[in-house]
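J.: What shape does this take:
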Amino acid sequence: MSLRDLASAKKPPRERYTRNLTARQVRAMKKRGYDAERELVHMLRDEGYDALRVPVSAPSTEPLPDVFAIRGDSILAVEVKAQVRYAYYKRDQVQKLHEFLHIHRIYPRRFAVLAGKFKYKGWRFDLAEKVGDYTIKMDQSLSWNDLMARIK
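T.: Below you'll find the model as predicted:
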């Protein structure tokens, strides 16, 4: 067989790995996210923000963040993930945060915040200044104190 034959040979498409979750596992994942959102709301309130969780049970085309908070002339729109190793935010999730902030342009200081709560490790954050895909890892992100210093 020649190199040309090898190069033109069709490879079968690679199968995508997906895991099948039980109903119990799905409920546990949703509860972990819900608990993380509630905890973040309390953390923001402790910092003087008026914060609340937006309960959206299904994916929506509406530009709603998981949590939003207001203090003075600032508004935060937050997308929250509860993960083990890293948190990945798709472009459309970040786009919705920016659309939400655009609707509330009466506030001169608007921040799209990505929050990740990591099991046994705590919270990490990033500011999404432009629309795109983002990943938060423990060693490449902002701590709570760093975030508060950046948005004050």
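J.: and the end-to-end length of stretch 17-26?
T.: 18 Å (Cα to Cα, to the nearest Å).
J.: nope, stretch 104-111 is what I was after
T.: Using Cα to Cα, the end-to-end distance of stretch 104-111 comes to 11 Å.
J.: tell me the contacts of the residue most central in space within the chain?
T.: The chain has residue 79 as the residue nearest its centroid, 3.8 Å off, counting by Cα atoms, centre = their mean. Neighbouring residues of residue 79 by Cβ atoms under 8 Å, 6 or more residues apart in numbering: 65, 66, 89, 93, 94, 96, 97, 112, 113, 114, 115. Quick note: C-beta positions are derived from backbone N, CA and C, even for glycine.
J.: Can you give me the distance of residue 14 to residue 131?
T.: From residue 14 across to residue 131, the span is 29 Å (Cβ to Cβ, to the nearest Å).
J.: So for those two, which sits in the more crowded spot?
T.: Shown here are residue 14 and residue 131; by other Cβ atoms under 10 Å, residue 131 has more neighbours (16 against 6).
J.: roughly how far apart are the more buried one and residue 45?
T.: Residue 131 sits 28 Å away from residue 45 when distances are taken as Cβ to Cβ.
J.: same thing with residue 28?
T.: In this view, residue 28 and residue 45 are 26 Å apart by Cβ to Cβ.
J.: and what of residue 96?
T.: To residue 45, residue 96 is 23 Å away according to Cβ to Cβ.
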